[in-house]
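> requesting a structural model of the entry that follows:
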Amino acid sequence: MKILVIQLARLGDIYMSWPAMRALRRAHPKAEIHFLTRPRFEGAVEGLTAIDKHLSLPVSAILAPLIQEDADTEAALATLNESVDALRDEHYDWVINLTFSPVSSYLTHAVTGPTTTVTGYTRYSDGTLCLADEVSAYFYAQVGTDKPNRVHVVDVIASMLNLEYIEADFAAPQIENFATPLPETYLVVHVGASEKHKSLSPEEWAQLLKPVAATKIPVVLIGAAGEAALAEEIQAHAIENEFVNLVGLTKISDIFAILQDAELLIGCDSAPIHMASLTDTPTFNVSIGDVNYWETGPKSTLGFIYRVEKGHKVDANRVGECITGLLQGQVAPELITRAAGLVSYEKNEAASERFQWDLVQALYLGASYPLADRMEILQGATQLADINKFAMEQIALIPEKGLQNIGPFLDRSEEVIESISRMVPELSPLISWYQAEKVRVGPGTLEEICTAALDVHERLARHIHVYVPQEALLEQEEKVEEVCDGTL
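Take a look at the predicted model:
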């Protein structure tokens, strides 16, 4: 068997793919596994012995002709086609897209042969998005910023590939000793972040590190060459701390050696957070703004998150006190802590947040539906049931009146459904589920598409009925039966 794994996201996503690659190798010991990344991030593949071949998609060479003053579309397409042809010529038996982006789905479809098994986002023959498996549909509907998912991406990938992890899947790679001498005991601070708005200013870092100075533990600074000025500013402000400044002086693979013996890694959302999961280094993640820490927080056994919601100011001194407490064996009450099992972190949640996650489990895992504790939930569900019934009635009329006449009514019903998701956030997981299932209706004859669409609406009706008052439910069920029997 020949397997292609596509991972075109950034460094952290590649490192989150490592355990799955090791588990995939263990499940298919004789397979030939190829791993495709962008050249910019190929350093994150060093040490990943579970794969047979690393491939690079020349994204810069493809895009360069398009962003010049006189865009050369033909040159860009020629480079892209050359890369696609080379991949297609490998005749892969299984293509796995771990990128989870609609853009990557085009590449997946392009390199897929007539007998290839596909897992992850791809495209139907008519070019529309295809969610090729149940977990991909789950990812599309429930995973992401401001979504209710509580399962770590590492575990979502395992579920998608039907893999079981063992401890060795999270081991650090074989690494050479780092040449620069390090203190016997030290903390590691990664000064940057995956995005600027998720990082701390030099002044905030200095204020954060001030309580740590009292512990007398040296701080090793790590980061990319472009973050060297930031590191120098941190040192200039935090004069009480002892530093070893390695920012811009290491290869990415050196970070494993630095993390291996560290007492604690402190950082915002970035690749070292996920590298520390492979060295099992205790990790303190300052999670700022648009981040779903349930999905991308540290996977280390001792992983801690200090959450700063979007628009809120970082209390850097308090963060430093929480870090100092951890070094003394005390976990501050505001810290979010790692959990074993399906849910990746433990946190006291608002009732609406808990309702959404419980509803996700009911939709996908067969768990009990959560009890509605707000009248707005019942009202929203009743409105959703009404518009769903209306949509079913319209779909049933398509063969008689034509899609061109019915389409505007269906578009309007979709707008109403989307508005209910915004007005009643507790119901948003159900509406996201419905929208993903609609995407999964593939190309076909008009009759086939209508039948598949009605099936989605019928399943939505079954989920909704839990929250619709009984008198309204009886009326709706009668209408649905008439639609399904073709008498309405």
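> what separates residue 307 from residue 154, distance-wise?
Residue 307 sits 20 Å away from residue 154, taking Cβ to Cβ, to the nearest Å as the criterion. Where C-beta positions appear, they are placed from N, C-alpha and C, glycine not excepted.
> ok, those two, which is more surrounded?
residue 154 (22 against 18; other Cβ atoms under 10 Å).
> isn't that one up against residue 299?
Yes. If you go by Cβ atoms under 8 Å, residue 154 and residue 299 touch, sitting 5.9 Å apart.
> what touches both of those two?
Counting by Cβ atoms under 8 Å, 6 or more residues apart in numbering, the residues touching both residue 154 and residue 299 are 16, 277.
> and residue 304, what does it touch?
For residue 304, the set of contacting residues under the criterion of Cβ under 8 Å, 6+ apart consists of 282-285, 298, 322, 326, 331, 335-338.
> and if we set it to 7 Å?
For residue 304, the residues meeting the contact criterion (Cβ atoms under 7 Å, 6 or more residues apart in numbering) are 283-285, 326, 335, 337.
> residue 3 belongs to a strand, doesn't it?
Yes. The secondary structure assignment for residue 3 places it in a strand, going by DSSP: H, G, I helix; E, B strand; the rest coil.
> for residue 94, see how far away it is.
Separation of residue 3 from residue 94 (Cβ to Cβ): 5 Å.
> please, where are all the helices along the stretch 151-300 of the chain?
Assigned helices in the stretch 151-300 of the chain, in chain order: 153-160, 202-213, 228-237, 254-260, 271-279, 293-296 (criterion: DSSP state H, counting those that start in this stretch).
> how is the protein divided into domains?
Domain segmentation of the chain under automatic domain parsing yields 2-158, 187-346, 375-485.
> looking at those, spot the one closest to residue 174.
Go through those one by one with Cβ to Cβ and the one that ends up closest to residue 174 is domain 2-158, at 6.5 Å.
> and the helix ranked longest in the chain, what does it pack against?
Under DSSP state H, the helix in the chain containing the largest number of residues is helix 375-401. With contacts defined as 3 or more Cβ pairs under 7 Å, 6 or more residues apart in numbering; DSSP states H and E, the secondary structure elements packing on helix 375-401 are helix 403-423, helix 446-464, helix 470-485.
> can I get the longest one in CSV, CA atoms only?
What follows is helix 403-423 as a C-alpha-only set of coordinates in CSV (Å, rounded to 0.1, in the frame of the first residue of the first chain):
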residue,chain,number,x,y,z
LEU,A,403,-35.7,24.5,-8.9
GLN,A,404,-35.6,28.0,-10.5
ASN,A,405,-38.9,28.8,-8.9
ILE,A,406,-38.3,27.1,-5.5
GLY,A,407,-34.6,28.0,-5.1
PRO,A,408,-35.3,31.5,-3.7
PHE,A,409,-37.6,30.1,-1.0
LEU,A,410,-34.9,27.6,0.0
ASP,A,411,-32.3,30.3,0.1
ARG,A,412,-34.5,32.4,2.4
SER,A,413,-35.0,29.4,4.7
GLU,A,414,-31.2,29.0,5.0
GLU,A,415,-30.9,32.6,6.0
VAL,A,416,-33.5,32.1,8.7
ILE,A,417,-31.7,29.0,10.0
GLU,A,418,-28.4,30.9,10.1
SER,A,419,-30.1,33.7,12.1
ILE,A,420,-31.4,31.2,14.7
SER,A,421,-27.8,30.0,15.2
ARG,A,422,-26.8,33.6,16.0
MET,A,423,-29.8,34.4,18.2
